[in-house]
Structures are given as C-alpha cells and as structure tokens.
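Student: structure, please.
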Amino acid sequence: MKKIHLKNIVDVLAITLLIFLVDFATKANALQYLREPLIIIPNFLKFTLQYNTGVAFSIGVPYILQIVITPIFLILGFYFVVQNFDISKWQIYTLTGAIIGGAIGNFVDRIVYGHVIDFISVGQFPVFNIADIAITLSIFIFLLFYVKITRNS
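Tutor: This next block holds a predicted model:
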C-alpha cells in the first residue's frame, strides 16, 4: 500500500469541507427562497426546488441501500485513488476532496431530510445541485487521468 502523508489528508479534507459548505449553503438558500421556479435563461436554465429520493440522475434505489452503500463507495473510491494516483498532486487531492465533499453533502440530505435537495435545471437534464456537479465533473476528469495513465504505462 502506498504511504499517505498527513499533509495530503489535510489537503483532501480542506477541499471536502469547501465543497460540502458551498453545497450546504446553496441548498439552504434554495429551501428558503425558491418558492417558485426562478428562470435565468428562458427554456434553458432555471432554479427550481425538487426533492430527489433516488441516486444519480434520479435513479430509484431503496433508501437503506443508499445509506449503506454511500460510505462503502467512499472508502473503496478513496482506496482506489490512493493506489492509482499521486495524492500529493493538487489535481488529485482536489478531485478527491470534491467527490467526497459532494457525496457527504448528498448523504447528509438523505439522513436529515430523507431525500436530496436539487435546484439547478439545465435544459431537459435531470435537476441537480452543487454536490452533483462536484461528483460528476471530478469522476469524469479522474477517468480521463486514469485512461491517460494506463495508456502511458
């Protein structure tokens, strides 16, 4: 197993906390102020409050599985990152922290509310939140890194 330095853990935790707090603040504002949809760009972008009881892209999964599987995926995902990437690089600890922060943000919603608070609507895409953006973009970029690393090996 690769050695992890305390500084690397602190870096990941700092990004995790930042993403979690931004997600929490935006969801709190959505809950307080979005009584009706707020159209930003007609027929394309609006803020509209929705409660998502599913997982990614509103896919239905039993609640208990969501609660049990999330921590397992986080642990396995972190292990995968540590084994396959140099966590001391800012890109890697930033992406890792963004995924963990987003996952914790949505996990807290599930525990506290029984659903995830979504409020960003773009075109016909399912409504999402800041946590979803952090998770999805970070995983996508990780996959690009991983493909590049494995091709160069």
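Student: can you list the low-confidence ranges for the chain?
Tutor: 1, 55-60, 63, 149-153 (pLDDT under 70).
Student: in the one helix or strand residue 68 maps to, what's buried?
Tutor: According to DSSP states H and E, residue 68 maps onto helix 63-84. For helix 63-84, a neighbour-count test (16 or more other CB atoms under 10 Å) marks 66, 70, 77, 78, 81, 82 as buried. In short, each C-beta sits where N, CA and C put it, glycine included.
Student: how would you label residue 51: helix, strand or coil?
Tutor: Assigned with DSSP: H, G, I helix; E, B strand; the rest coil, residue 51 falls in the strand class.
Student: surely it meets residue 109?
Tutor: No: counting by CB atoms under 8 Å, residue 109 is not a contact partner of residue 51; they are 9.0 Å apart.
Student: if you count what's nearby, which of the two comes out ahead?
Tutor: residue 109 (21 against 12; other CB atoms under 10 Å).
Student: pull the contacting residues for residue 62.
Tutor: Residues counted as contacts of residue 62 (CB atoms under 8 Å, 6 or more residues apart in numbering): none.
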